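**Student:** return a 3D structure for these sequence lines:
(2 chains)
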Amino acid sequence: MTVPASSGTEEQGVRVDHDGRPARRSPSVPIGELVFAGIMVALGVFAVVGIFLIHVPVGMKAGPTVFPIFVSVILLASAIAVLIGVLRGERGGAEEAEDIDDSLPTDWVTLAKLAGLVVAHLLLIEPLGWAPAAALLFGGVAWSLAAKRWWMAFLIGIVVALVIQVAFGGLLGLSLPWGPALGWLGRMF
Amino acid sequence: MDSWTLLMEGFATALQPQYLAFAFLGVFVGTAVGVLPGIGPAMTVALLLPLSYTLDPAAALITFAGIYYGGMYGGSTTSILLNTPGESASIVTAIEGNKMARMGRGAAALATAAIGSFIAGTLATLGLTLLAPLLAQFAVNLGPADYVALIVIAFITVGALIGSSISRGMLSLGVGLFLGLVGTDWLSGQQRYTLGLPALSDGVDIVLVAVGLFAVGETFYIAARLRHGGVDVIPVTRGWRSWMTKSDWRRSWKPWLRGTAIGFPIGTIPAGGADVATFLSYATERKLSKHRDEFGRGAIEGVAGPESANNAAAAGVLVPLLTLGLPTTATAAIILTAFQSYGIQPGPLLFESQSNLVWALIASLYIGNVILIVLNLPLVGMWVKLLQIPRPYLYAGILLFAVFGAYALHSSPSDITILLIVGILGYFMRRYGYPVAPLVVGMILGPMAEEQLRKALQLSQGDLSTLVMQPFAAIAYGVLALLIVGGLWLRRRQRRYEQALTESIAVPIKADSEV
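**Tutor:** A predicted model of the protein is given here:
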């Protein structure tokens, strides 16, 4: 059953903590972690409040709110468990990966650039066509990640974008807008 | 008709030239993408989902079978040849293979991994062939309450056993379940959690969530702390005919078979996936080896066993996926979405309603294994080149392909917005130690759980006790309790073991670097 299992989670979470895992303890206040856990608690509250906003048709057994109740309980209970854990000094170990240098601080500027480039891409698809918007995304991301030669990044971006556009948009028939610059190419398919 | 006749018919389909070409394409692309650093099997499958948008069902599933096996194998090449610490989950395999490569025995490590994967993959596919039809026959008789029990097992084991802490795993699962709720309720037609936005009334597409979490989230996560400078790949000596010496063969064959025997059963039960299988195999080999002192410094058994276990588990995961429609790993969950995009619902009825398709898929698994070994040994030079791709281009390419996959779904820029939001969520989940796999599994299994739960409650007139009173369901919950206790115990052992291992080999590494 879902409900008892999720309330059991809380106890087990603490037990794991006593074993010295999952985490290193650190005295400083982990603001980011607390904020994230707080947002998750808020999501849980939203899920609970949302149940009352779902309209249940009259006379319906096992209606549209039955499952959301289970889900909200899991979500809220585990979010509170995590929040308590963080407050008690438990830290989530960040994931490791091959290309990551643990000694570096988080580079927020690069992250903002990447997110901004994705937004620019989605705004430019319709007016410019898919391939130019994609070339811009590729070149921009490679440049943000410190590619050695910026013109090379955009050159590769143009080639990759054209290959995808022709292969998937042209030959396989996915609908990728060709845009004003490549309209002549699109008419060939 | 018995299974063998059906399997032969499957081979007849899968061996047609065009399907053979798709199997080849799948294995090749899957391995190539899987070799790329930073890309695990789940991300490989998620990134390549757009391939399936335009293919016919049989071709798409055969391609995906190839991608699945190829992606599974490709990762081991990365951890053996790349001179950086791999993912902590695959740490045991990475240690031995990487050490062997540093001693100039990289070729032997790659060969034993490839041959072991082939043997394990083939034997495990045989196991799948024998087991799946029986299980499907049995599963036809399961009622809604029984399904609820099975899905709850998958939820709890995936939530509690993947990742570093139970509460974080369950929270990840809960978010996935919640995302699965957003949209219009299929039974009553009521809107749930849509905030009145028309874009949300059809729900959030699972493809966006999978690609966003795995591709976009991972790219952001790596971009924030990208290791700059040259890429350090350990060179491999040429001449693949002389890769394995006689003593290598002698020391490898038993671990291959033991790895298979450990991996396949663990893959079939929802017990945390391939990680547990590789760890168990490694521990077993270390205990049984006559060369115990070599472990931690490049013992070939420590590559042969876990690699076989990994691939056998990959095939084992397909058993519950095909016969019950239950994905027990993130990768399996994404494959399930590929099925569903064709209106095919894996489950016990699949073996009756789509018999040709299923058996062609199973046959293509055998074929994919052969292609895998044919491709991998001779092409290692090419994989090494892939490892050297400058990272800015690699991650620009991953991000571009992810955004392309999202846009190609419905040709709608608003999908890219959702992708970006999920990607940011994925970034923070990685940063704060939340596993992302339970989210994907929860999102895909949530709607199935709801359907079965409401069916069960309608049959019982709203009496909740029906969920635990059916004999099968009751047994299932008992097994769940055992799985959780056993799984947690295993994980604790694994951590202590890895910690001890890291400490015991840390000394020689330091000594090396000082010399």
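**Student:** and the residue of chain A that's closest to chain B?
**Tutor:** A:G92 (2.2 Å; CB to the nearest CB). Bear in mind the C-beta positions are built from the backbone N, C-alpha and C, glycine included.
**Student:** run through the neighbouring helices and strands of the host helix or strand of A:W184.
**Tutor:** According to DSSP states H and E, A:W184 maps onto helix A:179-186. Counting contacts by 3 or more CB pairs under 8 Å, 6 or more residues apart in numbering or on different chains; DSSP states H and E, helix A:179-186 packs against helix A:108-128, helix A:130-144.
**Student:** ok, and what's touching it?
**Tutor:** In this structure, residues lying in contact with helix A:179-186 by CB atoms under 8 Å, 6 or more residues apart in numbering or on different chains are A:127-133, A:165-166, A:169-170, A:178.
**Student:** closest one of those to B:V370?
**Tutor:** A:V166 (32.2 Å; CB to CB).
**Student:** just give the nearest non-adjacent residue to that closest one, would you?
**Tutor:** Nearest residue to A:V166 in three dimensions, chain neighbours excluded: A:L185, at 7.5 Å (CB to CB, 6 or more residues apart in numbering or on different chains).
**Student:** next: B:L464.
**Tutor:** Using CB to CB, 6+ apart, the closest residue to B:L464 is B:L457 (7.4 Å).
**Student:** list the contacts of the one you found.
**Tutor:** By CB under 8 Å, 6+ apart, the neighbours of B:L457 are A:61-62, A:66, B:463-464, B:466.
**Student:** just put those in CSV and tack on distance to B:Y19.
**Tutor:** Formatted as CSV, those follow (distance: CB to CB, whole Å):
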residue, distance to B:Y19
A:K61, 47
A:A62, 43
A:V66, 44
B:D463, 49
B:L464, 48
B:T466, 45
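**Student:** closest to B:P198 out of those residues?
**Tutor:** Looking across the contacts of B:L457 and measuring by CB to CB, the closest to B:P198 is A:V66, at 25.7 Å.
**Student:** now do the contacts for the closest one.
**Tutor:** When contacts are counted by CB under 8 Å, 6+ apart, A:V66 touches B:450, B:453-454, B:457.
**Student:** go again with 7 Å.
**Tutor:** B:453-454, B:457 (CB atoms under 7 Å, 6 or more residues apart in numbering or on different chains).
**Student:** same check, this time on A:G173
**Tutor:** B:T54.
**Student:** just say helix, strand or coil for it.
**Tutor:** Under DSSP: H, G, I helix; E, B strand; the rest coil, the three-state class of A:G173 is coil.
**Student:** for it, grab phi and psi.
**Tutor:** Per-residue torsions, A:G173: phi 80, psi 20 (degrees, to the nearest 10).
**Student:** mind pulling up the pLDDT for it?
**Tutor:** What the model reports as pLDDT for A:G173 is 77.
**Student:** is it true that A:F154 touches A:G139?
**Tutor:** Yes. Contact criterion CB atoms under 7 Å: A:F154 and A:G139 qualify, at 3.5 Å.
**Student:** between those two, which one's more packed in?
**Tutor:** Each of A:F154 and A:G139 has its neighbours counted (other CB atoms under 10 Å in any protein chain shown); A:G139 has more, 25 against 18.
**Student:** the more buried one contacts A:G157, correct?
**Tutor:** Yes. Under the contact definition of CB under 7 Å, A:G139 touches A:G157, with a separation of 3.8 Å.
**Student:** wait, what's in contact with the residue nearest the centre of chain A?
**Tutor:** Central residue of chain A (CA atoms, centre = their mean): A:A115, 11.1 Å from the mean position. By CB under 7 Å, 6+ apart, A:A115 lies in contact with B:L420.
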